[in-house]
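**Q** Only the shape, not the letters, is given here:
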């Protein structure tokens, strides 16, 4: 069974860049049939899908965040990463990594990591 674990800073200052890493076990991030996604839950917008990277390495992001968010991967470590630039307090929330056979069907989730943007 695929297991995912998020890691990264809990507190980030405004205007800085957030980098979160998802470490995957029980499966390979190069699996062609899987989408490896980042989702967040914020007080202002609820549950919000951020973007994903496919098993072949293609990426896609939420239009409203596309200019600030980037998803990448390190296949040697079986990890994928979210970078979110120009942080504001509205980016405060719980961030999850997840995977499944499509962007809309996410069968496996990490426990989530709380991120607070504050000076």
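**A** It's in. In this text, all values refer to a predicted model and were calculated from it rather than measured experimentally.
**Q** Find the residue at the geometric middle of this structure.
**A** With distances taken as Cα atoms, centre = their mean, the chain has residue 38 as the residue nearest its mean C-alpha position (2.7 Å).
**Q** ok, now which ones touch the closest residue to residue 31 other than its chain neighbours?
**A** Counting by Cβ to Cβ, 6 or more residues apart in numbering, residue 31 lies nearest to residue 55, which is 4.6 Å off, once chain neighbours are set aside. The C-beta positions use only the backbone N, C-alpha and C, and glycine is treated the same way. By Cβ atoms under 8 Å, 6 or more residues apart in numbering, the contact set of residue 55 is 28, 29, 30, 31, 32, 33, 34, 35, 36.
**Q** Let's see that with 7 Å instead.
**A** Residue 55 is in contact with 29, 30, 31, 32, 33, 34, counting by Cβ atoms under 7 Å, 6 or more residues apart in numbering.
**Q** quick one: which helix or strand includes the fifth one?
**A** When secondary structure is defined by DSSP states H and E, residue 33 falls outside every helix and strand.
**Q** just checking, it touches residue 101?
**A** Yes: between residue 33 and residue 101 there is a contact at 5.6 Å, judged by Cβ atoms under 7 Å.
**Q** Of those two, which one has the most company?
**A** Counted by other Cβ atoms under 10 Å, residue 33 and residue 101 do not tie: residue 101 has more neighbours, with 12 against 9.
**Q** Contacts only, for that one.
**A** Residue 101 neighbours (Cβ under 7 Å, 6+ apart): 33, 34.
**Q** rerun that using 6 Å as the cut-off
**A** For residue 101, the contact set (Cβ atoms under 6 Å, 6 or more residues apart in numbering) comprises residue 33.
**Q** How much space separates it from residue 11?
**A** Per Cβ to Cβ, to the nearest Å, residue 101 is found 35 Å from residue 11.
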